[in-house]
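S.K.: model the structure of this input:
(one chain, ligands or ions: 1)
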Amino acid sequence: MELTGWVKNYDWGKQGIHSAVAQLAMANDPDFTLNEQETYAEMWMGTHICGVSIVKETGETLDRVLKKDLPYLFKVLSIRKALSIQVHPNKCEAERLHKERPDVYKDDNHKPEMSIAITPFLALVGFQPIEDIIDYIDEFQPLTHLIGEDAICELHEKRNSESLKNCYEIVMRADEAAIAKCIKAIAKDKAGLKRNKLFDIFNKVNDDFPGDVGILCLFFLNLVRLRPGQAIYLGANEIHAYLDGECVECMACSDNVIRAGLTPKYKDVEQLISSVIFNGASADAKLFIPYRIDDTVQVFAPPVDDFAVIHVAIKSSACAYKLQIQAYGSILLTLTGKRILKLKTDQGIKEITLSRGSIVYIPVEAAPEIEFLKGEDCGEDFTAYIATYNYFRRA
Ligand SMILES: [Zn+2]
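M.R.: Prediction:
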């Protein structure tokens, strides 16, 4: 089944044709009308109630046709302006939060997520090593003043999660005027920001969210730069914020977010502080390393059952390629090139032409293999991502 994804026009998305979401939506659907003034932030592929995919041939929703929900949600994100400082609760917390405050926490599922860059991608992920945070706090005096001597002394002495938590809490709980004053003062220290390679990102985030406490998170969290094809995995309670760039993202089928900065949405600082993991680690440790099946295929298999992502890259000159898959419903998104997808369905063998923007639901019946045939015109090298249930975990 060929699908159309659900496009979300959040304010933080890239504008008009500059957005990969808009480009893919246009390529997918000839009836899609591009509005150059509009921002195109996300495309959702799956059965989540807030953006269920449509089956092209019949116009029905995917959940109706499948008569079930998929365990994962697959997305493309196109980010012009930072997304909130956030964590996703674990399954237990998610259930409790939903029960206690269903108006804020509408979803009772956990939301581990994986982002794979498709353009250069910038994100804040997890706390930096404590030594690095201490260096920042000591160097940027306005931050030293905001946190106060006692907490900083304790951080110097103990250098543990507890003393880090204490400092971070003071910053996150400070009143708005004190935060704004601190940020203003740091902004004046151009040399210091430049020396620490924070000048551009500090100013960008401060322009987008003037005086927001999330800007100060730049001194606590790892700034991770991904090249296309590189990935990060965010397990439960790992603090993060996506800042810039484009990615495919796969997650458990959920929309469960605890936010604490860089957002006009509801902030729940107390819940974030009580949930978040305060272990410091280096930016390199935050990269998620896929494993290679062969020259063509890599698998991103996180430590949860809900989802995995398969990356397929076939040279335009290469012949047909057979991909082994297991009997779970999967969703394929084509980014570049052309191929003919040959697969088994309950109506027999089908051939579907894949090109940029094609989204195909691969049914259970297609197992144990699907084939990427070479057509007359292959165009550039073929690349696609396939979201599926994480059956690799049991392999
Ligand atoms: Zn997230």
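
S.K.: state the helix or strand in which T383 lies.
M.R.: Counting by DSSP states H and E, the element that carries T383 is strand 382-388.

S.K.: alpha carbons of that strand, as CSV, please.
M.R.: The C-alpha trace of strand 382-388 is given here as CSV (Å, rounded to 0.1, in the frame of the first residue of the first chain):
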residue,chain,number,x,y,z
PHE,A,382,18.8,5.0,-4.0
THR,A,383,18.4,5.7,-0.3
ALA,A,384,15.4,4.7,1.9
TYR,A,385,14.6,4.3,5.5
ILE,A,386,12.4,1.5,6.8
ALA,A,387,10.7,1.7,10.2
THR,A,388,9.7,-1.6,11.7
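
S.K.: begin at 408 from now on, thanks
M.R.: New numbering, starting at 408: the last item is strand 789-795.

S.K.: which other helices and strands does that strand contact?
M.R.: Packing contacts for strand 789-795, counted by 3 or more Cβ pairs under 8 Å, 6 or more residues apart in numbering; DSSP states H and E, involve strand 479-486, strand 715-721, strand 737-743. Just so you know, the C-beta spots here come from the backbone N, C-alpha and C atoms, and that holds for glycine as well.

S.K.: one more time with 6 Å
M.R.: Using 3 or more Cβ pairs under 6 Å, 6 or more residues apart in numbering; DSSP states H and E as the contact test, the elements touching strand 789-795 are strand 715-721, strand 737-743.

S.K.: pull out the buried residues from the last one.
M.R.: Residues S737, I738, L739, L740, T741, L742 are the ones in strand 737-743 that count as buried (16 or more other Cβ atoms under 10 Å).

S.K.: pLDDT value on C589, please?
M.R.: Each residue has a pLDDT score; the one for C589 is 98.

S.K.: quick one: contacts of the strand or helix carrying it?
M.R.: In this assignment (DSSP H and E), C589 forms part of helix 583-595. Helix 583-595 has contacts (Cβ atoms under 6 Å, 6 or more residues apart in numbering) with F547, P549, L553, G618, V620, I622.

S.K.: change it to 10 Å
M.R.: With contacts defined as Cβ atoms under 10 Å, 6 or more residues apart in numbering, helix 583-595 is touched by 547-554, 578-582, 599-600, 605-606, 609-610, 612-613, 616-623, 625-626, 668.

S.K.: domains for this protein, by residue range?
M.R.: 409-532+632-695, 539-615, 698-801 (automatic domain parsing).

S.K.: out of those domains, which one sits most buried?
M.R.: Most buried of these by mean neighbour count (mean count of other Cβ atoms under 10 Å) is domain 409-532+632-695; its value is a mean of 19.

S.K.: quick one: mean pLDDT over that one.
M.R.: Across domain 409-532+632-695, pLDDT averages out at 94.

S.K.: how far does it sit from its chain's centre?
M.R.: Relative to its chain's centre, domain 409-532+632-695 lies at 5 Å (Cα atoms, centre = their mean, to the nearest Å).

S.K.: tell me what the helix or strand hosting V428 is packed against?
M.R.: Taking DSSP H and E as the criterion, V428 maps to helix 427-435. In terms of contacts (3 or more Cβ pairs under 10 Å, 6 or more residues apart in numbering; DSSP states H and E), helix 427-435 is packed against strand 409-411, strand 413-415, strand 421-422, strand 446-447, strand 449-452, strand 479-486, strand 647-659, strand 737-743.

S.K.: contact partners of the second one?
M.R.: I take that to be strand 413-415. 420, 426, 428-429, 431-432, 435-436, 439, 445-453, 455, 457-461, 468-469, 482-484.

S.K.: change it to 6 Å
M.R.: Contacts with strand 413-415, where a contact means Cβ under 6 Å, 6+ apart, come from A432, A448, E449, M450, W451, G458.

S.K.: rewinding a little: reformat the helices and strands packed on helix 427-435 as JSON lines; add distance to I717.
M.R.: Listed next are the helices and strands packed on helix 427-435 as JSON lines, based on distance: least, Cβ to Cβ, whole Å:
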{"stretch": "strand 409-411", "distance to I717": "17"}
{"stretch": "strand 413-415", "distance to I717": "22"}
{"stretch": "strand 421-422", "distance to I717": "26"}
{"stretch": "strand 446-447", "distance to I717": "25"}
{"stretch": "strand 449-452", "distance to I717": "14"}
{"stretch": "strand 479-486", "distance to I717": "11"}
{"stretch": "strand 647-659", "distance to I717": "10"}
{"stretch": "strand 737-743", "distance to I717": "8"}
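
S.K.: thank you, goodbye.
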